[in-house]
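Peer 1: Fold the following.
(chains A, B, C and D, ligands or ions: 2)
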Amino acid sequence: MMELDSLYQEVILDHYKHPLNKGLSEEYDVQVHHINPSCGDEITFNLSTEGGIIKSITWDGVGCSISQASVSIASDLLLNKTLEQAGSIAEVFIELMHSKGTKDGDPLVLEDAVALAGVSKFPARIKCALLGWMAFKDAAVRIKQLKEPDTRGSN
Amino acid sequence: MMELDSLYQEVILDHYKHPLNKGLSEEYDVQVHHINPSCGDEITFNLSTEGGIIKSITWDGVGCSISQASVSIASDLLLNKTLEQAGSIAEVFIELMHSKGTKDGDPLVLEDAVALAGVSKFPARIKCALLGWMAFKDAAVRIKQLKEPDTRGSN
Amino acid sequence: MSLDVATIRKDFPIFDRTVRDGKKLIYLDSGATSQKPNSVIDAEGDFYRFHNAAVHRGAHQLAEEATDAYEGARSKVASFLGARAEEIVFTKGATESLNLIAYAMGNAASGSRFALTSKDQIVVTEMEHHANLIPWQQLAARTGAQLTWFEVLPDGRLDLNSINEVISENTKVVALTHQSNVLGTINPLDAIVARAHEVGAVVVLDACQSVPHMPIDVKTLGVDFLVFSGHKAIGPTGVGVLWSSVLEELPPFLFGGSMIENVTMKSATWAPAPKRFEAGVPNMAQAVGLGAAIDYLSKVGMDKIHEHELLLTKYFLEQLQKVPTLKIIGPTDLELRGSCISFTVGQIHPHDLGQYLDSQGVAVRTGHHCAWPLTRKLGVPATTRASLYLYNFEEECDLLVEAIVKAQKYFA
Amino acid sequence: MSLDVATIRKDFPIFDRTVRDGKKLIYLDSGATSQKPNSVIDAEGDFYRFHNAAVHRGAHQLAEEATDAYEGARSKVASFLGARAEEIVFTKGATESLNLIAYAMGNAASGSRFALTSKDQIVVTEMEHHANLIPWQQLAARTGAQLTWFEVLPDGRLDLNSINEVISENTKVVALTHQSNVLGTINPLDAIVARAHEVGAVVVLDACQSVPHMPIDVKTLGVDFLVFSGHKAIGPTGVGVLWSSVLEELPPFLFGGSMIENVTMKSATWAPAPKRFEAGVPNMAQAVGLGAAIDYLSKVGMDKIHEHELLLTKYFLEQLQKVPTLKIIGPTDLELRGSCISFTVGQIHPHDLGQYLDSQGVAVRTGHHCAWPLTRKLGVPATTRASLYLYNFEEECDLLVEAIVKAQKYFA
Ligand SMILES: Cc1ncc(COP(=O)(O)O)c(C=O)c1O
Ligand SMILES: Cc1ncc(COP(=O)(O)O)c(C=O)c1O
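Peer 2: Ligands and ions are numbered 1, 2, ... in the order given. Coordinates of the predicted model:
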């Protein structure tokens, strides 16, 4: 059971049973909808920012414990971060997921999300853990387009 | 060499070196052109009949000794036969070619063509031996269409 | 049971291995791909070791032997299906077979019975595998034809009530699965084939989940096309079959060597079937391996395999239904079904359940099983599927049930 | 020579057998298909024996292992070609790879760089294998585009004099072979790639006869698509490769499971490359076998193999040209060519010559070699071809020459 317990850590099952920020807010800056084509899991993800800082993340969806816990963790972890900070946390998390069990993850950066480190040993589940984070990345790009219309020049 | 000699019998090499009826007649009832797609061999085949009897076969083409000898033999064997007789001789020959070396062929029916019996042991060469005979079958169908316009009724 | 499963399992080397820290392998995923007996593995290997050469091409002994082996495999497939050798095309799998049919129809000259226009209809069903749905969607999009379908009833059967409207005078193709790879439902063909032929349509049967599991005679079925994959029938990967009685009328799909009659720089003409549909150096070793698979299945006996699977399915259905909150997705009447058994267990997500079962050595498949429109329609975006074959036995069901009960505790 | 051929041959079990009443096998037909080392045969077998499951689908250990093996093979192919794994698609062979490109272009939405109209041109050459000619003829016929070609000079080289007219502003695709499978000619790519890219066309390289025989780096070649077959590169039958740097822009070809993003009854969207191009349960064991083939070739060293073949080709050309009435069809300058050596011998028809050689244990290929327009153009409807590989050696040339001389007497 060792292997399985490293996948389903207590923290994960907790988030799964009591997900944070689940239930879509009525107001949001952008909403995205993501699907996991291999299992059919779906997520809707609302994101709002103020002055570049994430002020609200809410979501809803169906999926396995890993995907549900992962988005729950993300929705909590990324709150009140700037979009840049959140983006780099997401990159760190994505890297951890592709580490094939060779990394533990930095708890100072990833907090509860380090509990998902075990997922990287189960290739079929990496997409589950990434579903919410990919939704976040997508939403972040869109919110930037929305709120920071190209200021770099006139091309 | 046993095997090879059973393929290249003296009769065959003779026909190959001194083919009968090679060179196209200027007059003919039908002319057909056949190709062997696997090796690129080609044959043009002229056929004429009178009152249902084969009066002239001439041909030209490029090909291996088997295909050249086989059409040479056919052009001689089928001459002065009725189309029906020639057709059934062709069927006997085709059957011999598909006999995988189990039959010798009836010399009373096939005459020189029995020398080709060995070809049936070499699957890649069966098409060579059949090239001229297929051209004959095709020409026979066309000559019937030409000379015996459907007399069976008005359908 | 009438099959000597213990003896059969000795022929399948994978059952000698263990999974997840020494656990016995309980393989319940034959619907995705089947395991292979030694005779199949050796047939492929021996082809390379002793007879390897390009078929139909060389004038040397190896080429002759390779051709004999390859064409011998074609004859085996033909007699296995009650067909003639010229009616058998080797493809790389059922997916290619189905795409071949759809693309070849798209290549048909206007006026041909296969040429589709915006007036025509293509009929599928709601329970099709993506491989028997998307090629038809695409053909419809390319030709302007309309795609319609038979719906699936809540109990997992096709709704044939309006068969005469679904298959109309404009229908040119009816494509459907023989056994659903999700529900296990075996579709009643007689009425569908009769109606299709009445309106002049051809019937394409996806037999991926039936050919490996029951005796099949194409003449009795009455369909016009039938496809299956070698790898689901204890054969190698990389080989599939297309059978059809109307190949001669069908234009080619893949273009290249060996499928031609004559070629110039500007155009080409085609060889007769089945060569017309086998461009290039074929998957020779795999076809030969499939021949060995068919020898094996025939020796065991398709009727015995079918009987064995039905008894086993009965047992699985009975035992599974005793598990609280477990729900069978698909018909529970044995008359209507085969051995693909889908279910849900309370609120446990199939991915989690599958993962837990894996930790116990039990291999199942979870998800939409490449039949997403079906699982959506049934309101179960994902299910867990146990699919059985000749090497499975009753005790494996008990272990599955035991593992499910443990999973319920784990995720409680 | 720098290769230890005797040791290499020990790895290829087919050389243990004899042909035609105990004669040693002289295999000079690797251009049609190559022989396989034990490591390749075993890799395929071991996949079935130990790791067989459907990749990308199951949530169990076997499925994970199968996926690792399959994706591992993809990485091996990628690094062999100097490419990235996402740029590699497994097909059933080069013929499918080429048809994939042509059909996918046919599926491109209008406005895409791949969509062809009657204003556009497709350029091929007169020395193409049917597999790199007919798919383009057909695409031209479907789209109304014009098919034009580079001619072949009597010495077997491409006539590039009017390159700027042949490849025009309207050219969208230039498809050509790297090494001719008849003449042995290696085509100069730089000028063609430069001109093609100047006009915005993509270059499709048929590398069937080069990837197995010389080091290849796709970045150095500068082409946009490259294809080859596993079975000509000591790999299994039933597997081929499509490499492309522009896969992301290309629509799919075969439709079915695993290549989708989302599916409803009415329509579907696609997964990113390479998955988008691999519908269905793939040819897993064959891809894994190809991975083992690449390991073997890499261990021997592609530069060494190339050097060995050049030395061998030199010897064959020298010895063959000493035979009275024997004529080499193709360039005799080693700088311009590889190890496919075609020839004619006086008036002896290649079929007869091949048959005689076979009786001596020498396996060659005869005919138009699936490049009929080329042999017609050169006025030799058929040739005899000896094609060499890493396991051939000089004495085999001597035996070939001896057998040819005997054949001359036999048919005199
Ligand atoms: C130059 C060339 N292109 C394409 C092909 C087709 O390859 P395959 O038959 O393996 O698909 C071949 C071999 O037959 C070839 O030599
Ligand atoms: C019913 C059905 N149709 C089609 C397919 C596709 O078969 P393959 O992936 O072998 O091409 C499958 C299996 O995945 C199936 O179960």
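Peer 1: Pull up the gap between the spatially most central residue of chain A and A:Lys17, please.
Peer 2: Nearest to the geometric centre of chain A sits A:Trp133, at 2.9 Å (CA atoms, centre = their mean). Look at A:Trp133 and A:Lys17: by CB to CB, to the nearest Å, they are 21 Å apart. Yep, even glycine has a C-beta here, placed from its N, CA and C like the rest.
Peer 1: The residue nearest to the centre of chain A against A:Val92, yeah?
Peer 2: No: between A:Trp133 and A:Val92 there is no contact under CB atoms under 8 Å: 10.5 Å.
Peer 1: now the strands: where do they sit in chain A?
Peer 2: In chain A, the strands defined using DSSP state E lie at A:30-35, A:42-50, A:53-62.
Peer 1: Tell me if I'm right that C:Asp11 and C:Pro37 touch.
Peer 2: Yes: using CB under 8 Å, C:Asp11 and C:Pro37 qualify as a contacting pair, with a distance of 4.0 Å.
Peer 1: which neighbours do the two share?
Peer 2: C:Tyr296 (CB atoms under 8 Å, 6 or more residues apart in numbering or on different chains).
Peer 1: Looking at these two, which is more packed in?
Peer 2: C:Pro37 (27 against 17; other CB atoms under 10 Å in any protein chain shown).
Peer 1: residue contacts, that one?
Peer 2: C:11-12, C:234, C:293, C:296.
Peer 1: C:Glu44 versus that one, what's the distance?
Peer 2: 12 Å.
Peer 1: A:Gln68 too?
Peer 2: Distance from A:Gln68 to C:Glu44, by CB to CB: 44 Å.
Peer 1: Between the two, point out the one with more neighbours.
Peer 2: C:Glu44 (32 against 26).
Peer 1: Excluding chain neighbours, what is closest to that one?
Peer 2: C:Gly289 (4.1 Å; CB to CB, 6 or more residues apart in numbering or on different chains).
Peer 1: Report the secondary structure element holding the one you found.
Peer 2: Secondary structure from DSSP states H and E places C:Gly289 in helix C:284-300.
Peer 1: average pLDDT across that helix?
Peer 2: Helix C:284-300 shows a mean pLDDT of 98.
Peer 1: Likewise for stretch C:26-41?
Peer 2: Here the average pLDDT along stretch C:26-41 is 98.
Peer 1: Then stretch A:106-119?
Peer 2: Stretch A:106-119 shows an average pLDDT of 94 in the prediction.
Peer 1: Please identify the residue of chain C positioned nearest to ligand 1.
Peer 2: Nearest residue of chain C to ligand 1, counting by CB to the nearest ligand atom: C:Gly280, 3.1 Å away.
Peer 1: Let me know how buried that residue is, in neighbour terms.
Peer 2: 28.
Peer 1: same deal with A:Val62?
Peer 2: 13.
Peer 1: Helices of chain A, start to end?
Peer 2: For chain A, the helices defined by DSSP state H cover A:2-7, A:10-17, A:65-77, A:83-97, A:107-110, A:123-147.
Peer 1: How about the stretch 151-300 of chain C?
Peer 2: Secondary structure of the stretch 151-300 of chain C, counting by DSSP state H, counting those that start in this stretch: helices at C:163-166, C:189-198, C:218-221, C:284-300.
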